[in-house]
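A.B. asks: sequence and predicted structure, then a few things I'm wondering about:
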Amino acid sequence: YQRRVHGDSQLSSMSRPLSGSKAAGKQPPSHTTPGAATGAAQRTAKTATKNPPKPSTTAPESKTETKTNAREAFIKKVQTCMNTYNYADESKDVKGKSERLTAINDLQTMLSDQKSVVSNIIPNLEIVMDMIERNIFRPLPNIKKNTGIGMSETGIEQEEQVDPSWPHLQGIYEFFLQLILNDAADVKSMKVYITPQFIQGFLELFDSEENYERDYLKNILHKLYAKLVPRRKMIRKAINDCFMALIHENHKFNGAAELLDILAAIISGFAVPLREEHVQFFKSIIIPLHKVQTSNFFFEQLLRCSMLFLSKDRALAINLLQGILKYWPFANYLKETLFLTELQEILEVCEVDKLGPLVPKLFKRIVKCISGSHLQIADRAMCFFENDYFLSILKTYKLITFPMLVPVIVKLAETHWHNILQESLVALKTILKEIDPQAFEQAMDTNQAKKKELRVEQDPEERKKMDEKWAQVYAEVKKKHPEFEEPDTPYTIKHIVGTYNELYAKIYDKEKYVSLQLFTLIKICLLYTSPSPRDQRGSRMPSSA
């Protein structure tokens, strides 16, 4: 009010301090002393200290907005990666597919910036894991891959089929792998999302035909096992269940080799002595895997796991040897060659004193391989006798091995069809005679009853008589029960080529078979050319003659 009425000059004069006597009405002098000025400055400083100026809020607000925008941009990229398209048709959704690939590349780039990982990825780990699961958990495409030959039945080289969605999935797998390896993704934050359902679905992906995908799956599962210690038992149990299904149900699983690679790394870290859980896994999984029909595709990894177990506990070699002899392949020369290779490595680990109960089965199998018709198997079985440790087993149990081995070797040394192998058999005959001449002669002079007990192969005539007896039994059963059907039994002419049936003779004994056919043909010709009462009356021979 005073500023408006009297002006600034009057307001400033009225605001000056008055003198000590109010009645005097005198104004104070226009100048101030140095002490008064100093006191005023101090009072001003104290006032400024009590009431400091408020800081500006402009900068913090801009940082918050930047973080919010970065988070929204990150979530938008993750949601873009969740979109699925028809990758088999390259002409559809070209823009969407391109944006998706760009978003995947951006997410991979963010993992190289640790600040971005801590501020964006880890706080939003739930939506990130949801994106990964939506991409990788899918019905596996039916794609035929070459098994190594690269040629079709016509002899024309075929192009290997490729999953059209793989370029879009590879970035997701790479992102997942790098996320696990990142230090910011600790055990506490990751183990929440690695559930039994996740591991089960993840293991089902190992059946993919795409080799690159199985490699990513193997690396990711291995890193998860190494990082998430609380989840290790759960992962081992899931792998156990997967192999159980392979052994008893599916008989084919594309990712068996990759899972065995992971198991090999796990087994090498087992403490000694082995826990009962690990021994049970060896007996119920590793040994029965040998009987799987497609085991030749993962036999190298299976052999490695087997030998790692034996390096931890040599006593398990007897169990493995029993399993090998029990699940020995039939009519599969490739698997039989692999079994012989593993058998030789197992014998080098076994203790000679504990082999006694298995020696008859062991040498019976080796003699069968030597006397078989397949050259590679016979040659591989002959390599056993070049091993000094195997010869020591032969000498230790010569009372059992010589009667089984000597008669077959002596016969084959005279009659084998392959010259090089025949020379090896002659040399083996000499070695056996030098080991123990007396035992050699006793084996040759063994009576028929003893030979029948220790023989490796059944006599063909005896097998034929046995088949005839079974045929009579089936005939009697059919008379009483007409609906009876004969069971499917192996080693018969109706089912498979065996050593004791006519089908084998037709294929392998060609000379005998051709002679039989010629004899039958001559017999038919004589039957139609011989005169009969009807022919003498002038009837013609049938045109079928």
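C.D. replies: Ah, there it is. Numbering: from 1, shown residues only.
A.B. asks: could you count how many residues lie near Trp328?
C.D. replies: 19 (other Cβ atoms under 10 Å). C-beta here means a position set from N, CA and C on the backbone, and glycine is covered the same way.
A.B. asks: before we move on, what SS does it have?
C.D. replies: coil (DSSP: H, G, I helix; E, B strand; the rest coil).
A.B. asks: state the distance from it to Met82.
C.D. replies: For Trp328, the distance to Met82 equals 51 Å [Cβ to Cβ, to the nearest Å].
A.B. asks: please apply the same query to Ile366.
C.D. replies: As judged by Cβ to Cβ, Ile366 and Met82 stand 60 Å apart.
A.B. asks: show me the contacts for the residue nearest the centre of the chain.
C.D. replies: What sits nearest the mean C-alpha location of the chain, by Cα atoms, centre = their mean, is Ala256, with 2.3 Å. Neighbouring residues of Ala256 by Cβ atoms under 8 Å, 6 or more residues apart in numbering: 206, 243, 246, 289, 294, 297-298, 301.
A.B. asks: which element is the nearest residue to Phe297 once chain neighbours are set aside on?
C.D. replies: Nearest non-adjacent residue to Phe297, counting by Cβ to Cβ, 6 or more residues apart in numbering: Ala257, 6.7 Å away. Following DSSP states H and E, one finds Ala257 within helix 256-267.
A.B. asks: check the average confidence over that helix, would you?
C.D. replies: Throughout helix 256-267, pLDDT has a mean value of 95.
A.B. asks: what of stretch 110-117?
C.D. replies: 88.
A.B. asks: what's it in contact with?
C.D. replies: Where contact means Cβ under 8 Å, 6+ apart, the residues beyond stretch 110-117 that reach it are 70, 74, 120-121, 175, 178-179, 182, 184-185.
A.B. asks: as TSV, those residues with neighbour count would be great.
C.D. replies: Supplementary listing: these in TSV, determined by neighbours: other Cβ atoms under 10 Å:
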residue	neighbour count
Ala70	14
Phe74	21
Asn120	21
Ile121	22
Phe175	22
Gln178	16
Leu179	23
Asn182	16
Ala184	16
Ala185	19
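A.B. asks: against Val117, how distant is the nearest residue to Ile122 once chain neighbours are set aside?
C.D. replies: The shortest distance from Ile122 to any non-neighbouring residue, by Cβ to Cβ, 6+ apart, is to Ala184 (5.5 Å). Distance check for Ala184 against Val117: by Cβ to Cβ, it reads 5 Å.
A.B. asks: with Ile194 instead?
C.D. replies: Distance of Ile194 to Val117, given as Cβ to Cβ: 19 Å.
A.B. asks: next one: Gln422
C.D. replies: Counting by Cβ to Cβ - Gln422 and Val117 are separated by 71 Å.
A.B. asks: looking at the two, which one has more neighbours?
C.D. replies: Regarding Gln422 and Val117, a neighbour count based on other Cβ under 10 Å identifies Val117 as having more, with 18 against 15.
A.B. asks: what segments of the protein are strands?
C.D. replies: Applying DSSP state E to the chain gives no strands.
A.B. asks: pass me the low-pLDDT residue ranges in it, would you?
C.D. replies: Filtered on pLDDT under 70, the chain yields the residue ranges 1-65, 67, 144-160, 447-458, 489-521, 523-545.
A.B. asks: not counting its neighbours along the chain, what's nearest Ile393?
C.D. replies: Using Cβ to Cβ, 6+ apart, the nearest residue to Ile393 is Val352, at 5.8 Å.
A.B. asks: still on that earlier bit, let me have the contacts of Ala256 in TSV, extended by distance to Phe137 and neighbour count.
C.D. replies: Shown next, in TSV, are these (distance: Cβ to Cβ, whole Å; neighbours: other Cβ atoms under 10 Å):
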residue	distance to Phe137	neighbour count
Phe206	13	22
Phe243	21	22
Leu246	21	23
Leu289	27	22
Thr294	25	15
Phe297	25	17
Phe298	24	22
Gln301	26	19
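A.B. asks: filter those residues down to the ones in helices?
C.D. replies: The helices, defined by DSSP state H, take in 243, 301 from the contacts of Ala256.
A.B. asks: please, where are all the helices along the stretch 101-250 of the chain?
C.D. replies: Taking DSSP state H, counting those that start in this stretch as the criterion, the stretch 101-250 of the chain contains helices spanning 114-116, 125-136, 166-181, 187-190, 196-204, 211-227, 232-245.
A.B. asks: would a markdown table of the ones you listed with distance to Gln108 be doable?
C.D. replies: Compiled in a markdown table, the helices of the stretch 101-250 of the chain are given as follows (distance: least, Cβ to Cβ, whole Å):
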| stretch | distance to Gln108 |
| --- | --- |
| helix 114-116 | 12 |
| helix 125-136 | 12 |
| helix 166-181 | 5 |
| helix 187-190 | 18 |
| helix 196-204 | 20 |
| helix 211-227 | 14 |
| helix 232-245 | 26 |
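A.B. asks: between the ones you listed, which one is closest to Ala471.
C.D. replies: Closest approach to Ala471 among the helices of the stretch 101-250 of the chain is made by helix 232-245 (40.0 Å; Cβ to Cβ).
A.B. asks: who's in contact with the closest one?
C.D. replies: 196, 199-200, 203, 206, 221, 224-225, 253, 256, 259, 262-263, 266, 281, 284-285, 289.
A.B. asks: ok, and for that helix, which residues are buried?
C.D. replies: 234-236, 238-239, 242-243 (16 or more other Cβ atoms under 10 Å).
A.B. asks: re earlier: so how do I select the buried members of the contacts of helix 232-245 in PyMOL?
C.D. replies: Typed into PyMOL, the line below selects the buried ones among the contacts of helix 232-245, using 16+ other Cβ under 10 Å:
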select buried, resi 199+203+206+221+224+225+253+256+259+262+263+266+281+285+289
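A.B. asks: picking that back up, who has more neighbours, Ile366 and Met82?
C.D. replies: Ranked by neighbour count (other Cβ under 10 Å), Ile366 and Met82 place Ile366 first, with 22 against 15.
A.B. asks: from Leu340, how far out is the more buried one?
C.D. replies: 8 Å.
A.B. asks: for Lys76, same thing?
C.D. replies: Counting by Cβ to Cβ - Lys76 and Leu340 are separated by 61 Å.
A.B. asks: swap in Ser165?
C.D. replies: 43 Å.
A.B. asks: need the contact list for Val349.
C.D. replies: 307, 310, 314, 317.
A.B. asks: sorry, back to before: Lys76 and Leu340: who's more crowded?
C.D. replies: Higher neighbour count among Lys76 and Leu340: Leu340, with 21 against 11, using other Cβ under 10 Å.
A.B. asks: and the gap between the more buried one and Val473?
C.D. replies: Leu340 is 38 Å from Val473, by Cβ to Cβ.
A.B. asks: show me the contacts for the residue nearest to Arg134 when sequence neighbours are not counted.
C.D. replies: With sequence-adjacent residues excluded and distances taken as Cβ to Cβ, 6+ apart, Arg134 is closest to Met82, at 5.4 Å. Listed by Cβ under 8 Å, 6+ apart, the contact set of Met82 reads 130-131, 134-135.
A.B. asks: make CSV from the residues you listed and add distance to Tyr333 and neighbour count to it.
C.D. replies: Putting the contacts of Met82 into CSV (distance: Cβ to Cβ, whole Å; neighbours: other Cβ under 10 Å) gives the following:
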residue, distance to Tyr333, neighbour count
Asp130, 50, 14
Met131, 49, 23
Arg134, 46, 14
Asn135, 43, 22
